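>>> Sequence first, then the predicted structure, then my questions.
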Amino acid sequence: MSTLVEFAMFPTDKGESVSAYVSRIVSMFENLDIPWQLTPMGTIFECETVEEATRVIERAYATLEPDCNRVYTTIKMDIRKGKSGRMEQKIASVQKHLS
């Protein structure tokens, strides 16, 4: 199974620029053994199960919770049985049509 997740998470009570807080979440991903990619509007990652995906999101929240009183998040999931490595496959599939 493959669970692709695109999410954004940031505090809403820390002013206009929240990059210092987002960087905490990026640092968390650097210590995980799953594929991930930072984008200008969020982070995309792939794991095996929905349960694992929610644990990653809970862990991201735990990095902000100690000093953030309000946290906003958006989450999109694409769950597919019998596949893996879809982060790269989906991009390659579109690129072959562009060639």
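Sure thing, it's come through. Numbers count the residues shown, from 1 in each chain.

>>> now the helices for this protein?
For the chain, the helices defined by DSSP state H occupy 19-30, 50-64, 86-98.

>>> Nearest to residue 41, out of these?
With Cβ to Cβ as the measure, helix 19-30 is the member of the helices of the chain nearest residue 41 (10.9 Å). Just so you know, the C-beta spots here come from the backbone N, C-alpha and C atoms, and that holds for glycine as well.

>>> Report all helices and strands that the closest one contacts.
For helix 19-30, the helices and strands in contact under the criterion 3 or more Cβ pairs under 8 Å, 6 or more residues apart in numbering; DSSP states H and E are strand 2-11, strand 36-39, strand 42-47, helix 50-64.

>>> Single out the most deeply packed of the helices of the chain.
helix 50-64 (a mean of 16; mean count of other Cβ atoms under 10 Å).

>>> the inter-axis angle of it versus strand 2-11?
Taking axes from the mean of the first three to the mean of the last three Cα atoms, to 10 degrees, one finds helix 50-64 and strand 2-11 inclined to each other by 20 degrees.

>>> what mean pLDDT does helix 50-64 have?
For helix 50-64, mean pLDDT rounds to 98.

>>> In contact with the closest residue to residue 7 other than its chain neighbours: list those residues for me.
Nearest non-adjacent residue to residue 7, counting by Cβ to Cβ, 6 or more residues apart in numbering: residue 75, 4.5 Å away. Neighbour list for residue 75: 5, 6, 7, 57 [criterion: Cβ atoms under 8 Å, 6 or more residues apart in numbering].

>>> Of the residues you listed, which is the most crowded?
residue 5 (23 neighbours; other Cβ atoms under 10 Å).

>>> how near is that one to residue 42?
10 Å (Cβ to Cβ, to the nearest Å).

>>> for residue 13, same thing?
If you measure residue 13 against residue 42 using Cβ to Cβ, the figure is 19 Å.

>>> Okay then, goodbye and thanks.
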